[in-house]
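>>> Give me a model of this one.
(chains A, B and C)
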Amino acid sequence: MKQPDLLSSAQLAHSLQLLHQHASLVHCMTNDVVQTFTANVLLALRASPAMVIDADEAAQFSGYADALLINVGTLTRDRSIAMQAAVEAANRAGTPWTLDPVAVGALTFRTEFCQQLLTQQPAAIRGNASEILALANQAAGGRGVDSLHQADAALSAAQQLAHDYRSIVAVTGEVDYVTDGQHTFAIPGGSPLMTRVVGTGCALSAVVAAFASLPGERLQHVAAACRVMSLAGERAARQVQGPGSFVAAFLDALWTLEVTP
Amino acid sequence: MKQPDLLSSAQLAHSLQLLHQHASLVHCMTNDVVQTFTANVLLALRASPAMVIDADEAAQFSGYADALLINVGTLTRDRSIAMQAAVEAANRAGTPWTLDPVAVGALTFRTEFCQQLLTQQPAAIRGNASEILALANQAAGGRGVDSLHQADAALSAAQQLAHDYRSIVAVTGEVDYVTDGQHTFAIPGGSPLMTRVVGTGCALSAVVAAFASLPGERLQHVAAACRVMSLAGERAARQVQGPGSFVAAFLDALWTLEVTP
Amino acid sequence: MKQPDLLSSAQLAHSLQLLHQHASLVHCMTNDVVQTFTANVLLALRASPAMVIDADEAAQFSGYADALLINVGTLTRDRSIAMQAAVEAANRAGTPWTLDPVAVGALTFRTEFCQQLLTQQPAAIRGNASEILALANQAAGGRGVDSLHQADAALSAAQQLAHDYRSIVAVTGEVDYVTDGQHTFAIPGGSPLMTRVVGTGCALSAVVAAFASLPGERLQHVAAACRVMSLAGERAARQVQGPGSFVAAFLDALWTLEVTP
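Numbering: from 1, shown residues only, chains lettered A, B, ... in the order given. Below you'll find the model as predicted:
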């Protein structure tokens, strides 16, 4: 397997500029804890979030939206039915959808549900190392929502998953890896404070969903999604005293992000 | 039709003073994304928010509360049943209730539900131009939650709605219009940053619900609700770098708002 | 009954140090309004929050977690079933669980549900004076979520509850009291701004749940939980202009909290 590539500034600038132009409408079916932050992250990036959760409405809305996010953090039976309906409608309409398999491996119901979703052509998958290992059936999963593994331990699992399901897989940690099974980007950066604010990973998945809907090279766009978030995290962390002030500084950094090609 | 009026400082000061005195208890049945922000906006204005969502409890609570808000942003079948029960209980108890028809027109289930609610005497209705046009059956609705129309394009639809259902209608955008079908206030101000933070419109609807419960001129009170929010938005926008820092500055501006008559 | 004790700096430092070491995994089944803030409060204290709400998954997860929080703020029938399953699983696994009886007394369904939960060995109970009086059947409860009583009016009810159910009861207000029925700590401090930000009480209950899971003196640990929050509240209030900027300053204060023994 080749060495991972680094994303150039020109590639990053190109993807970000496309996102600003398209102002993608992202249908987020995500967990209860991160809804506000997810919406604010998308808005700061000039994308447009919408949360629609009733099964009939979700199926209807997946036809209008540019992208769909499925995050199983606070899964219930009702939501799994609505998510399944939305995924089917998205696939019929050609709307690319992204899976965030929160805490997969640790909990039975969501593990079975995500394994079933995997076979339905996700455009992208974003998880931490424990989740990606569990999704690839290579480990029993984390202890709840936090990863017990480093991202590089899950790199080959990510490559296998991407290859088997013809998807883009982003496995995130201190270094993020984004792969289509053939080519891999390594994305350094970010800040440890990002792990002390709830929802940075879940919001990244929504950003991945938005970037995955852009025209052109999806692998590069998803790598740009990861870099946009880690770059804003670095910049915010330099200005703040703790995780409380980090949230505002992070959203402001996303808002003012300009990347010189 | 007459020209819209402007709200005087004396009218604004009077309504705000009444709200501070009454510390209205607002029963919010609102969407998943904006609950925290809605509660914090009401608290900053010295009102008291309470979210109660079980059908039996919601009906019981609508009897105690000073005001009820119905926002259909993340409607489900269960919630529609609980909302219907709360509206009926509110009407029995004489509790004024306010409707926020989020994304009506674009999605079938909520459109039918809101059309049915319309006939149950809402004290006030707050929406963007696309939502008000759709509610008045004059357009097919927006693309999701954002308006495709300017508020002035929906002014006559708002006046018609207010007249037909004997309600106060607030249609908000760059300029807000508040009408009872006969008289109309035009409320300028606000900041474009308010559209880059999730929930400013939904929180305004909760503030409309609170002001609509005050004794005296309801039309003027609802206009004051819109002006309180746009004024805080202007003040906050002057101090911040982006949408992240805007949220805190906006709540602080609501908290320190004093209007000289 | 003896005079309440004050918590020493050494006791506070000891409990906080233990929490940092254990990084307790807290399973939060809490209300819709306070999820993000609750998670961020726990993260700022180096604990690890996880929200799992499906009945089967919640029961499974209560076995892994160090602590369980049950908060009935936005109770529904479905959630009550999942909460009951989680409590039973927690008791089987020996996971200590904490009850926050939000608005008990005012609303029938949650009052009956909390009375039933009371008999299932909560390690700790945290409420305002109206809620504790209602739980002890000594009053009809508050008007919604805010207390109509001062904490000292509920002290004897708290002591009775703690004695009858062999639990630790924290009744919070301007002064907090924490009691096991025999010994009582009085915790002064905090800031009135804490009542103008949604979720400070609910987040305290999550912090109580985390501290109640530490080895050693549970009564002292729960008193430390209350003091950690009131101390951060005092420090934050000194730096801010209003409730908006308070939130970030409060989380930063929790993050940087070091107590010299």
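
>>> Is it correct that A:F246 falls within a helix?
Yes - the assignment for A:F246 is a helix, going by DSSP: H, G, I helix; E, B strand; the rest coil.

>>> how much space between it and C:V228?
20 Å (Cβ to Cβ, to the nearest Å). For glycine as for every other residue, the C-beta is placed from the backbone atoms N, C-alpha and C.

>>> neighbours around the residue of the stretch 101-250 of chain A at minimum distance from chain C, how many?
Nearest residue of the stretch 101-250 of chain A to chain C (Cβ to the nearest Cβ) works out as A:G244 at 2.8 Å. Number of residues near A:G244 (other Cβ atoms under 10 Å in any protein chain shown) recorded here: 28.

>>> How about A:R238?
Number of residues near A:R238 (other Cβ under 10 Å) recorded here: 10.

>>> what do you get for A:H22?
Using other Cβ under 10 Å, A:H22 has 18 neighbouring residues.

>>> For it, which non-adjacent residue is closest in space?
Leaving out its chain neighbours, the residue that sits closest to A:H22 by Cβ to Cβ, 6 or more residues apart in numbering or on different chains is A:L214, at 6.1 Å.

>>> In contact with the one you found, which residues?
A:15, A:18-19, A:22, A:24, A:221 (Cβ atoms under 8 Å, 6 or more residues apart in numbering or on different chains).

>>> out of those, who's nearest chain C?
Using Cβ to the nearest Cβ, the contacts of A:L214 come closest to chain C at A:S24, 23.7 Å.

>>> how about that closest one, what does it touch?
Each residue near A:S24 by Cβ under 8 Å, 6+ apart is listed here: A:47-48, A:66-67, A:210, A:213-214.

>>> Do I have it right that A:G216 meets A:L18?
Yes - contact criterion Cβ atoms under 8 Å: A:G216 and A:L18 qualify, at 7.0 Å.

>>> Just want to know which of those two has more residues nearby.
Set side by side, A:G216 and A:L18 show more neighbours around A:L18, with 17 against 10, by other Cβ under 10 Å.

>>> is it true that the more buried one lies in a strand?
No - looking at A:L18 with three-state DSSP, it is helix, so not inside a strand.

>>> Next, the residue nearest to it when sequence neighbours are not counted: secondary structure please.
Nearest non-adjacent residue to A:L18, counting by Cβ to Cβ, 6+ apart: A:L214, 4.6 Å away. Three-state call for A:L214 (three-state DSSP): coil.

>>> How much space separates A:L214 from chain B?
As judged by Cβ to the nearest Cβ, to the nearest Å, A:L214 and chain B stand 18 Å apart.

>>> That residue and A:R92: what is the separation?
Taking Cβ to Cβ as the measure, A:L214 falls 21 Å from A:R92.

>>> Ok, A:V102 next?
Taking Cβ to Cβ as the measure, A:V102 falls 26 Å from A:R92.

>>> Between those two, point out the one with more neighbours.
More crowded of A:V102 and A:R92, by other Cβ under 10 Å: A:V102, with 30 against 11.

>>> Tell me, how many residues neighbour the residue of chain A found nearest chain B?
Closest contact between chain A and chain B, by Cβ to the nearest Cβ, is at A:L251 (2.8 Å). When counting by other Cβ under 10 Å, one arrives at 28 neighbours for A:L251.

>>> That one looks like it's in a helix, true?
Yes - counting by three-state DSSP, A:L251 is located in a helix.

>>> For it, give me its contacts.
A:40-41, A:44, B:242-245.

>>> all strands of chain A, in order?
A:25-29, A:48-50, A:67-71, A:97-100, A:124-128, A:168-172, A:176-179, A:184-187 (DSSP state E).

>>> Which of these sits closest to B:L135?
Among those, strand A:48-50 comes nearest to B:L135, with 18.5 Å by Cβ to Cβ.

>>> Contact residues of the stretch 51-200 of chain A facing chain C?
By Cβ under 8 Å from any Cβ of the partner chain, the residues of the stretch 51-200 of chain A that approach chain C are A:73-77, A:103, A:106-110, A:143-146, A:195-199.

>>> what residue ranges in chain A are flagged as low confidence?
The model of chain A has pLDDT under 70 over residues A:1-2, A:139-149.

>>> Could I get the contacting residues of A:E57?
B:75, B:107-110.

>>> Just confirm A:T98 contacts A:L117, I think it does.
No - counting by Cβ under 8 Å, A:T98 does not reach A:L117; the two are 10.8 Å apart.

>>> ok so, going back, excluding its backbone neighbours, what's nearest the residue of the stretch 101-250 of chain A closest to chain C?
Residue nearest to A:G244 in three dimensions, not counting chain neighbours: C:L251, with 2.8 Å by Cβ to Cβ, 6+ apart.

>>> The one you found and A:F61: what is the separation?
Distance check for C:L251 against A:F61: by Cβ to Cβ, it reads 34 Å.

>>> can you check A:I125 too?
Taking Cβ to Cβ, one finds A:I125 at 22 Å from A:F61.

>>> What is the burial count for A:R166?
Neighbour tally, A:R166, other Cβ under 10 Å: 11.

>>> re the thing from before, counting neighbours, go ahead and name the busier of A:F246 and C:V228.
A:F246 (28 against 25).

>>> about what we covered before: in JSON lines: the strands of chain A, plus distance to chain B.
Below are these laid out as JSON lines (distance: least, Cβ to the nearest Cβ, whole Å):
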{"stretch": "strand A:25-29", "distance to chain B": "6"}
{"stretch": "strand A:48-50", "distance to chain B": "4"}
{"stretch": "strand A:67-71", "distance to chain B": "12"}
{"stretch": "strand A:97-100", "distance to chain B": "16"}
{"stretch": "strand A:124-128", "distance to chain B": "20"}
{"stretch": "strand A:168-172", "distance to chain B": "21"}
{"stretch": "strand A:176-179", "distance to chain B": "22"}
{"stretch": "strand A:184-187", "distance to chain B": "22"}
